[in-house]
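# here is my input; please provide its structure:
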Amino acid sequence: MPAPTPDGPRAGDELHRPFRPRAARVVSLVLGALVLALMIGIAVLLPRVAPDRQSPLDLVGIVGFGALVAWFLWRQASVRAVPDAEGVTVRNLLLTRRVTWAEVVSVRFGHGRPWVQLDLADGDTLAVMGVQRADGPRADAEARRMATLVALHSPTARDD
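As a prediction, this is how the structure comes out:
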């Protein structure tokens, strides 16, 4: 693995690759495709099964609901954390936030936590849904990688 340079990580640095969940990503993408296909199928077949019982607006609503559910599941599948030399960009379910390494005080991923949490210097915490407990031993390794990145990019004057 190439060592980071003073200017930042080298191209292909394995330590700085994005954090993405596996299990939640696969499940969300498959469910999103199934829900959307099911809602479109219902909207197409419903007029044949029960003619004169629904308006075109009802059918649009069915497809719209399917699209909304599929969008939500796509957002779940696209959660990630992208580290670089200056900090990490965390994209969670609804919000994306950028923090510098200097802002991160510690990384927590204890038992009972569904995803990694970053403790920030201002007293706030930031969930990193890109590392999820559902991924089992891989999630533990990814949490250690996040802690390594924090330690690497947050040197202190003394090592207490």
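# if I look at Ala143, how far off is Leu94?
For Ala143, the distance to Leu94 under the criterion Cβ to Cβ, to the nearest Å works out to 22 Å. Just so you know, the C-beta spots here come from the backbone N, C-alpha and C atoms, and that holds for glycine as well.
# neighbour count winner among the two?
Applying other Cβ atoms under 10 Å to Ala143 and Leu94 shows that Ala143 carries more neighbours, namely 22 against 8.
# contacts only, for the residue lying closest to that one once chain neighbours are set aside.
Spatial nearest neighbour of Ala143, chain neighbours left out: Phe109 (3.8 Å); criterion: Cβ to Cβ, 6 or more residues apart in numbering. With contacts defined as Cβ atoms under 8 Å, 6 or more residues apart in numbering, the neighbours of Phe109 are 115-117, 131, 133, 139-140, 143.
# which residue is the nearest non-sequential neighbour of the residue positioned nearest the centre of the chain?
The central residue of the chain, meaning the one whose C-alpha is nearest the mean C-alpha position (Cα atoms, centre = their mean), is Val79 at 1.7 Å. Leaving aside its sequence neighbours, Val79 sits nearest to Met129 (Cβ to Cβ, 6+ apart; 4.1 Å).
# isn't there a strand covering the one you found?
Yes. Met129: assigned to a strand according to DSSP: H, G, I helix; E, B strand; the rest coil.
# so it touches Trp115, yeah?
Yes. In terms of Cβ atoms under 8 Å, Met129 counts as a neighbour of Trp115; the distance is 4.9 Å.
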